[in-house]
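> this one's sequence-less:
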């Protein structure tokens, strides 16, 4: 939870002094795991139209921070935010329609909300709109438009789009510049935390002898994928680590410590998944 709370910290300094005091107090209490008082502090701000307060209250009801999980209440806060045109709220509303959480499942309405957010350049919405367009869900299937959206999302640094574009390039690349482009996409996706990109890079570097320290890189990416919930990367990480020299093991440990993402156990965790191809 600390990550998304800190994302709102800048708002404290753009509010009026009394509101800033409430914001700061609410953020600190939330981060300490004390929820009831900050919810009380933020509710009047959210009712008055403060987007940041609305988003925090949405997350509280969506994930059960200090209150029971209540999708209907979460959607009510979203409705206040989408009324102001907030793209993050529009994309969240789209997910609710896709999953039928707090609203009736409706793929066409999901496409509507993703489209509004995408029109504002919100990369996650552009990626999700691409996926729906390629699948023909809520919108007629259109491969050309789907890939246009996917490429746009990748250009905006969306990790899932970068992974898909990189994997597609890799499947069509030989040696040389095309391979380098695919590798750059996958590395950037992994840098942004895309776990499947880590898994694929683990496979690539295992036999990529031209790359300096390729065995360390393979073990590193496999372990990052395993730590992110890729269940089929666990054994691969162990095998990769067993191939390392003593010095390489130390290098691996240093880099894992440097790049390991701090996880707050109160936050929703990604579901375990298989990330390696056959």
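It's in. From a predicted model like this one, the values you see are computed outputs, not experimental measurements.
> Which positions are bridged to residue 230 in the beta structure?
residue 273 (DSSP bridges).
> Tell me the confidence at it?
Residue 230 carries a pLDDT score of 97 in this model.
> How many residues are close by it?
25 (other CB atoms under 10 Å). Yep, even glycine has a C-beta here, placed from its N, CA and C like the rest.
> these two touch, right, it and residue 201?
No: the pair residue 230 / residue 201 is not scored as a contact, 11.7 Å apart, by CB atoms under 8 Å.
> mind listing the helices for the stretch 101-250 of the chain?
Ranges of helices within the stretch 101-250 of the chain are 107-118, 123-135, 143-155, 159-172, 177-191, 195-206, 214-227, 233-242, 246-259, based on DSSP state H, counting those that start in this stretch.
> can you redo those helices as a markdown table with mean neighbour count and mean pLDDT?
Output for those, formatted as a markdown table (neighbours: other CB atoms under 10 Å; pLDDT from 0 to 100):
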| stretch | mean neighbour count | mean pLDDT |
| --- | --- | --- |
| helix 107-118 | 21 | 98 |
| helix 123-135 | 23 | 98 |
| helix 143-155 | 18 | 98 |
| helix 159-172 | 20 | 96 |
| helix 177-191 | 18 | 95 |
| helix 195-206 | 24 | 97 |
| helix 214-227 | 24 | 97 |
| helix 233-242 | 18 | 97 |
| helix 246-259 | 13 | 95 |
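> can you list the domains in the protein?
1-84, 93-144, 161-259 (automatic domain parsing).
> about what we covered before: quick one: the helices of the stretch 101-250 of the chain as CSV, columns for distance to residue 271 too.
Converted to CSV, these look like this (distance: least, CB to CB, whole Å):
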stretch, distance to residue 271
helix 107-118, 20
helix 123-135, 17
helix 143-155, 22
helix 159-172, 15
helix 177-191, 19
helix 195-206, 11
helix 214-227, 14
helix 233-242, 15
helix 246-259, 22
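> which stretch among the ones you listed comes nearest residue 275?
helix 195-206 (3.8 Å; CB to CB).
> what's next to the closest one, contact-wise?
For helix 195-206, contacts defined as CB atoms under 8 Å, 6 or more residues apart in numbering pick out 159, 162-163, 166-167, 170, 183, 186-187, 189-190, 211, 214-215, 217-222, 224-225, 228-230, 232-233, 236-237, 240, 270, 273, 275-277.
> now it, how far from the centre of its chain.
Helix 195-206 sits 18 Å away from the centroid of its parent chain (CA atoms, centre = their mean, to the nearest Å).
> again, but for stretch 262-278
Distance, centroid of stretch 262-278 to centroid of chain: 11 Å (CA atoms, centre = their mean).
> Buried residues, it. List them.
Using 16 or more other CB atoms under 10 Å as the test for burial, stretch 262-278 gives 275, 276.
> could you give me the average pLDDT of it?
78.
> With distance to residue 154 added, can I get the domains of the chain in JSON lines?
Output for the domains of the chain, formatted as JSON lines (distance: least, CB to CB, whole Å):
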{"stretch": "domain 1-84", "distance to residue 154": "23"}
{"stretch": "domain 93-144", "distance to residue 154": "8"}
{"stretch": "domain 161-259", "distance to residue 154": "4"}
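> closest to residue 152 out of those domains?
domain 93-144 (5.6 Å).
> Please report the distance of the spatially closest residue to residue 256 that is not a sequence neighbour from residue 216.
Nearest-residue entry for residue 256: residue 223, 6.0 Å, with adjacent residues in sequence omitted and distances by CB to CB, 6 or more residues apart in numbering. As for residue 223, its distance to residue 216 is 11 Å (criterion: CB to CB, to the nearest Å).
> which neighbours do the two share?
Shared contacts of residue 223 and residue 216 (CB under 8 Å, 6+ apart): residue 252.
> State whether residue 261 is indeed within a helix.
No: the assignment for residue 261, made by DSSP: H, G, I helix; E, B strand; the rest coil, is coil rather than a helix.
> Apart from its chain neighbours, what residue comes closest to it?
Going by CB to CB, 6+ apart, residue 261 has residue 193 as its nearest residue, at 6.6 Å.
> Counting neighbours, what do you get for the one you found?
The burial count for residue 193: 14, using other CB under 10 Å.
> which residues does it contact?
Counting by CB under 8 Å, 6+ apart, residue 193 has contacts 159, 228, 261.
> and what of residue 250?
Contacts for residue 250 (CB under 8 Å, 6+ apart) come out as none.
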